[in-house]
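**Student:** Sequence and predicted structure, then a few things I'm wondering about:
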Amino acid sequence: MSSLLREEMQRVLFRPAKQRLVEFIEIEEPPQGRHFLCVSVAKNKAAQLSIVQCQISHTPMKSGSKKSHTIRSSIQDSYRRTEIWSLQDLTLVDGRDPDVDDPYFLLHFDKVRTVRAISCSAKYAFVRALVAVCDKNCQMSMKLLNFDWSYIKPTSFYSNRGDCVVLTQICFYALNLVCLSMCPVPLDA
């Protein structure tokens, strides 16, 4: 489903603006409809953050011959950017509390923008994408506050595959503990 959304938003919003959609997450906003927080990169390497609102519109369409007055409904998604910021203007991303499974985070521009992702893992996935875009295109490091760094930048031994890497690390440590607990301990000192 997300790949279809990505392709649709890329086709409708970002390609006409000569931009490439890098990452998006669904967020919860008060107005009706679905909302997405997107990061995109232009051909000149300028990166943008935008909030995209998706509204479903029902448009009646006539079908059949001229004598037939059959009307069928066509459901179409319409996408509209409601807010746009340059990534250069983002001074800080605050995760609020790294020890709590909290989907809220704060984007610090001239004003602070509160964002509620649909899940904590979506929040971390988006922040990982922001860090990667900043490292690649902006030649600046993203300032992060109140995030668990092991979810953002795994150690160099592991590749950056997100939450699966952390799960693999936990399993590796658990396996080591099991192996160590099965080792005989010499009683001769």
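**Tutor:** Happy to help now that I have it.

**Student:** going forward, measure contacts and count neighbours with C-alpha atoms only.
**Tutor:** Noted.

**Student:** does Tyr79 have beta-bridge partners, and which?
**Tutor:** Cys54 (DSSP bridges).

**Student:** how many neighbours does it have?
**Tutor:** By other Cα atoms under 10 Å, 18 other residues sit near Tyr79.

**Student:** Find the residue closest to Ser40 in space, skipping its chain neighbours.
**Tutor:** The shortest distance from Ser40 to any non-neighbouring residue, by Cα to Cα, 6 or more residues apart in numbering, is to Leu21 (4.4 Å).

**Student:** for the chain, what spans make up the helices?
**Tutor:** 2-9, 120-133, 149-152, 163-182 (DSSP state H).

**Student:** and the ones you listed as TSV, adding mean pLDDT?
**Tutor:** Below are the helices of the chain laid out as TSV (pLDDT from 0 to 100):
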stretch	mean pLDDT
helix 2-9	87
helix 120-133	92
helix 149-152	83
helix 163-182	81
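
**Student:** which residues touch Leu21?
**Tutor:** For Leu21, the contact set (Cα atoms under 8 Å, 6 or more residues apart in numbering) comprises 6, 9-10, 14, 38-41.

**Student:** Name the stretch among the helices of the chain that sits most buried.
**Tutor:** Of all the helices of the chain, helix 120-133 carries the top mean neighbour count, a mean of 19, counting by mean count of other Cα atoms under 10 Å.

**Student:** Need the residues that contact it.
**Tutor:** Contacts for helix 120-133 (Cα under 8 Å, 6+ apart): 22-26, 39, 47, 101-105, 117, 141-142, 151-153, 162-163.

**Student:** Neighbour count says what about those? Which are buried?
**Tutor:** 22-26, 39, 47, 102-105, 117, 142, 151-153, 162-163 (16 or more other Cα atoms under 10 Å).

**Student:** what ranges of this structure fall below the confidence cut-off?
**Tutor:** 1, 57-77, 154-163, 189 (pLDDT under 70).

**Student:** Mind jotting down where the strands sit in it?
**Tutor:** 19-27, 34-42, 47-63, 70-86, 92-94, 104-108, 112-116, 144-145 (DSSP state E).

**Student:** Kindly reformat those as a markdown table and extend each row with distance to Ala125.
**Tutor:** As requested, these are exported to a markdown table (distance: least, Cα to Cα, whole Å):
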| stretch | distance to Ala125 |
| --- | --- |
| strand 19-27 | 8 |
| strand 34-42 | 12 |
| strand 47-63 | 15 |
| strand 70-86 | 19 |
| strand 92-94 | 13 |
| strand 104-108 | 13 |
| strand 112-116 | 13 |
| strand 144-145 | 14 |
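
**Student:** Out of the ones you listed, flag the one nearest Asn137.
**Tutor:** Taking Cα to Cα, strand 47-63 is the member of the strands of the chain nearest to Asn137, at 7.4 Å.

**Student:** Understood, closing this out.
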